[in-house]
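> Next one to model:
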Amino acid sequence: MGGRLVGWADQGGLRLARQSAERGLQIVDEHRDYLVGRLGHKLRSAVLALQESARQAAFGRPELLEAVFEQAQEVGRRAAALEAAAAQSKDRARAVVLGAVLNLAMPFAARALPPDAVVLGSEPALVEAFTRARDWLGGDGLSIAAEPLGRWWKVRIAASLPRRPLPVPEMGEPLLRLIVDTHLDGWLDTARPDGADIYLPAHLP
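Below you'll find the model as predicted:
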């Protein structure tokens with residue numbers, strides 16, 4: 001509807017498309033609210049742990065200073081995830097070269113990208129999505145390929161090593177799905193055990 005994919009159905013029609021769009025927005029809002037709540041809870045837990053370690057380090061436990069540093073980094077990661085989940089994208093979609101995004105988000109991943117791999121979306125949201133995919137799938141041993149599928153680019157991310165569970169599971173697939181679905185008008189396929197496929201709108205010159 002309006003040039004956007006709002007769902008799949010056996011029958012078409014404007015009324016059904018509107019109902020699908022409304023239901024989709026409701027699902028997105030519910031998913032975002034749940035994710036923000038979970039990430040907020042995890043952030044508060046990390047802040048409390050940091051405060052307690054800092055208090056003990058200040059009162060005769062200097063060996064805890066390294067733990068304080070690590071916990072402060074974890075607080076920063078959880079705060080960034082919460083910000084990404086709560087943010088409403090205000091950047092207009094534009095043509096973005098996929099390779100340029102991966103230079104920032106996955107600089108060490110092996111790539112097989114056509115030179116015309118250009119997607120339509122917000123560059124900050126694209127960088128955020130592929131950064132989250134890297135963290136979720138594991139930063140080492142990733143390979144990326146892309147192929148055009150009509151009005152879409154299918155980006156295939158494969159991991160050579162098993163996934164390492166994240167301390168906060170919501171910072172992985174749930175957050176990545178929210179960004180791809182809502183900020184990039186794409187969709188995320190996690191059916192493969194060795195990786196994921198991200199479908200993004202293609203820039204059609």
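
> buried residues in stretch 167-174?
Residues 168, 170-174 are the ones in stretch 167-174 that count as buried (16 or more other C-beta atoms under 10 Å). No exception for glycine: its C-beta is placed from N, CA and C like everyone else's.

> pLDDT of the strand or helix carrying residue 200, averaged?
When elements are assigned from DSSP states H and E, residue 200 belongs to strand 195-201. Mean pLDDT, strand 195-201: 95.

> Stretch 151-164 now?
Stretch 151-164 carries an average pLDDT of 90.

> Then stretch 51-65?
84.

> who's in contact with it?
If you take C-beta atoms under 8 Å, 6 or more residues apart in numbering as the criterion, stretch 51-65 is touched by 67-68, 71.

> Including distance to residue 117, could the residues you listed go into a markdown table?
What follows is the contacts of stretch 51-65, written out as a markdown table (distance: C-beta to C-beta, whole Å):
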| residue | distance to residue 117 |
| --- | --- |
| 67 | 43 |
| 68 | 43 |
| 71 | 40 |
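
> still on that earlier bit, could you name the helices and strands sitting against the strand holding residue 200?
Contacts defined by 3 or more C-beta pairs under 8 Å, 6 or more residues apart in numbering; DSSP states H and E place strand 195-201 against strand 118-121, helix 123-137, strand 152-159, strand 187-189.

> got the angle between it and strand 152-159?
With axes from the mean of the first three to the mean of the last three C-alpha atoms, to 10 degrees as the basis, strand 195-201 and strand 152-159 are set at 160 degrees to each other.

> Neighbouring strands of strand 195-201 in the sheet, and parallel or not?
strand 152-159 (antiparallel), strand 187-189 (antiparallel) (DSSP bridges).

> circling back: now, the most widely separated pair of the buried residues of stretch 167-174?
Across those, no pair lies farther apart than 168 and 173, at 11.7 Å, counting by C-beta to C-beta.

> Could you grab the helix/strand/coil label for the residue nearest to residue 122 when sequence neighbours are not counted?
Using C-beta to C-beta, 6 or more residues apart in numbering and skipping the chain neighbours, the partner closest in space to residue 122 is residue 91 (3.8 Å). Following DSSP: H, G, I helix; E, B strand; the rest coil, residue 91 is assigned to coil.

> how close does residue 91 sit to residue 136?
Distance, residue 91 to residue 136, using C-beta to C-beta, to the nearest Å: 23 Å.

> thinking again about what came up before, residue 142: which of the strands paired with strand 195-201 is closest?
Of all the strands paired with strand 195-201, it is strand 152-159 that lies closest to residue 142, at 5.7 Å by C-beta to C-beta.

> Per-residue pLDDT of residue 7, please?
For residue 7, the pLDDT comes out at 56.

> Count the residues that sit near the closest residue in space to residue 160 that isn't next to it in sequence.
Excluding the flanking residues, the one nearest residue 160 by C-beta to C-beta, 6+ apart is residue 141, at 3.6 Å. Using other C-beta atoms under 10 Å, residue 141 has 13 neighbouring residues.
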